[in-house]
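Chemist: Take a look and give me a structure for this.
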Amino acid sequence: MAKKRVTYVCLECGYTSPGWLGKCPSCGTWGSLSEQSPPPAGESGKRTSKGADPVKLSEISVPSDARIETGIGEFDRVAGGGLVRGGCVLLAGSPGVGKSTLLLQVASRLAERGERVLYVSGEESAFQVKLRAERLGAGGDEIYLLPETSVESILSVIEEVSPSVVIVDSVQTLSTETAQGLPGSVSQVRESTALLVDEAKRRNLPLILVGHVTKEGVIAGPKLLEHMVDAVFQFDGEKGHPYRVLRAAKNRFGSVSEVGVFEMTGSGLAEVSDPSGIFAGSGAGGVPGMVVYPALQGMRTLLVEVQALVSRSYLPVPRRVSVGVDLSRSQILSTIVEKYCGVSLAGCDLFLNVAGGWKIADTGADLALVSAILSGALDVPVPSGFTCFGEVGLGG
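Modeler: Just a heads-up that it's a prediction; the model follows:
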């Protein structure tokens, strides 16, 4: 009898090894390789259904209601105007940030608009979801709750209920009979997602999947998961801050530069239609080291306050701390200030921060950061109402 052949697959990145390894050579994660057996002979690559027939592009008609608006403006803004029929969205975020709360509110708004929603909960019981819905004031006769983790059962319920939108919370809890391994393994996540995405496109209904985020800040599961969906939304929030930011890391049907801002309250997530008052802080008037930067996000401009604190250092090596700004970029800008502005920072600690937990990656904020550093070092506040933007090169 031939010896059973097994492989070891990394649960984080999908790397395959013929033998067990303590550390994954691909992603560097310890203890992530899991044993998996190959499918029985004759089942690998087996085609179970007839493929689609080719259609002329000129003969394809786009319906007038190709998008379904959720009624939550900040969510629809990031989605590009609403959920696209047949599109799949992966919503990722760290534990406790409010992913389930957001989607339950989305389901409630859709139900108010007459859309039938199937909410699949793989992490909570029906009783727990009901308690949260009562706290949020969410509900409706068109919301069907399904506490299930089997993909085959979910597909049969979709056939029975015929929903307009399907929400699955979360994809890491699903399992299918066509793949081996425990729920959350690379093979189970890949196959479960593929089955649901195929069903959504066949029925032309929007599908929203919830994905977990690892401690490194990346989406758990195989990297292929992000390629299988049409859009990837990141839901972030700083610890201790009530505000949450929804960003699009990928969107085949809209812009990736749009952001949606929410505030976590006792009754759920509330939209923040004008976030400038949050991120602009005190308005930078009369306080040294405070400068307002106009950040362009999609179709609107947000006023963001950058803060710099320069103080005398008593350490052999002065500290350089940056929150919300890339540390390497802040070190380059502080060196430019010393070189071309004649302000010595050699014996000073430098702390940079962006108000409201915002993160700046645009080089257009260089001039605002330089102005904040100069204002903090010279202890001279910028004029009230002053704002600036622009990239600063190594030539000053």
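
Chemist: what about residue 58, distance to residue 86?
Modeler: Going from residue 58 to residue 86 by C-beta to C-beta, to the nearest Å gives 20 Å. C-betas here are computed from N, CA, C, even on glycine.

Chemist: ah, wrong one, I meant residue 168
Modeler: For residue 168 relative to residue 86 (C-beta to C-beta), the value is 16 Å.

Chemist: Pick out whichever of these two has more residues nearby.
Modeler: A direct count of neighbours by other C-beta atoms under 10 Å for residue 168 and residue 86 places residue 168 higher, at 26 against 16.

Chemist: Can you name the residues bridging to the residue nearest the centre of the chain?
Modeler: Centroid-nearest residue in the chain: residue 234, 0.9 Å away (criterion: C-alpha atoms, centre = their mean). Beta-bridge pairing of residue 234 under DSSP bridges involves residue 92, residue 247.

Chemist: The closest residue to residue 271 other than its chain neighbours in helix, strand or coil?
Modeler: Distances taken as C-beta to C-beta, 6 or more residues apart in numbering put residue 74 closest to residue 271, at 4.8 Å, once the chain neighbours are dropped. Secondary structure, DSSP: H, G, I helix; E, B strand; the rest coil: residue 74 is helix.

Chemist: Same question for residue 177.
Modeler: coil.

Chemist: Which helix or strand contains residue 208?
Modeler: Using DSSP states H and E, residue 208 maps to strand 207-212.

Chemist: helices or strands up against that strand?
Modeler: Packing contacts for strand 207-212, counted by 3 or more C-beta pairs under 8 Å, 6 or more residues apart in numbering; DSSP states H and E, involve strand 88-93, helix 99-112, strand 165-169, helix 186-203.

Chemist: now it: how far from the chain's centre is it?
Modeler: 10 Å (C-alpha atoms, centre = their mean, to the nearest Å).

Chemist: So what are the sheet partners of it and their directions?
Modeler: Counting by DSSP bridges, strand 207-212 is paired with strand 88-93 (parallel), strand 165-169 (parallel).

Chemist: Helix 186-203 and the shortest one, what's the angle between them?
Modeler: Same thing as strand 165-169. 170 degrees (axes from the mean of the first three to the mean of the last three C-alpha atoms, to 10 degrees).

Chemist: How about the first one?
Modeler: Orientation note: strand 88-93 sits at an angle of 140 degrees relative to helix 186-203 (the same axes, to 10 degrees).

Chemist: Give me the below-cutoff pLDDT ranges for the stretch 51-200 of the chain.
Modeler: Along the stretch 51-200 of the chain, segments meeting pLDDT under 70 span 51.

Chemist: Swap in 80 and give it another go.
Modeler: Applying pLDDT under 80 to the stretch 51-200 of the chain flags the ranges 51-52, 180-182, 185-186.

Chemist: Can you list the low-confidence ranges for the stretch 201-350 of the chain?
Modeler: Looking along the stretch 201-350 of the chain with the criterion set at pLDDT under 80, you get 214-224, 238-241, 274, 276-286, 298-299.

Chemist: Do a quick rundown of the helices in it.
Modeler: Assigned by DSSP state H, counting those that start in this stretch, the stretch 201-350 of the chain shows helices spanning 224-228, 276-279, 327-341.

Chemist: okay, now the closest residue to residue 142 other than its chain neighbours: neighbour count?
Modeler: Nearest residue to residue 142 in three dimensions, chain neighbours excluded: residue 111, at 4.0 Å (C-beta to C-beta, 6+ apart). Neighbour count of residue 111, defined by other C-beta under 10 Å: 22.

Chemist: one step back: residues touching the residue nearest to residue 271, list them.
Modeler: Applying C-beta atoms under 8 Å, 6 or more residues apart in numbering to residue 74 gives the contacts 246, 260, 261, 262, 271, 272, 273.

Chemist: Drop anything exposed from those.
Modeler: Buried members of the contacts of residue 74, counted by 16 or more other C-beta atoms under 10 Å: 246, 260, 261, 262, 272.

Chemist: Once you drop chain neighbours, what's closest to the last one?
Modeler: Spatial nearest neighbour of residue 272, chain neighbours left out: residue 261 (4.1 Å); criterion: C-beta to C-beta, 6+ apart.

Chemist: now that neighbour: how far from residue 22?
Modeler: 43 Å.

Chemist: And for residue 96?
Modeler: In terms of C-beta to C-beta, residue 96 sits 30 Å off from residue 22.

Chemist: same deal with residue 235?
Modeler: Taking C-beta to C-beta, one finds residue 235 at 33 Å from residue 22.

Chemist: What of residue 255?
Modeler: Taking C-beta to C-beta, one finds residue 255 at 43 Å from residue 22.

Chemist: just residue 262 next, same as before
Modeler: With C-beta to C-beta as the criterion, residue 262 and residue 22 are 41 Å apart.

Chemist: Surely residue 226 and residue 90 touch.
Modeler: Yes: counting by C-beta atoms under 8 Å, residue 226 touches residue 90, with 6.7 Å between them.

Chemist: Name the residues contacting each of these two.
Modeler: Common neighbours of residue 226 and residue 90 (C-beta under 8 Å, 6+ apart) are 219, 232.

Chemist: okay, these two: which has more neighbours?
Modeler: Set residue 226 next to residue 90 and count neighbours by other C-beta under 10 Å: residue 90 wins out with 24 against 17.

Chemist: Next, the contact list for the residue nearest to that one when sequence neighbours are not counted, please.
Modeler: Closest residue in space to residue 90, ignoring its immediate chain neighbours: residue 229 at 4.5 Å, by C-beta to C-beta, 6+ apart. Applying C-beta under 8 Å, 6+ apart to residue 229 gives the contacts 88, 89, 90, 193, 197, 209, 250.
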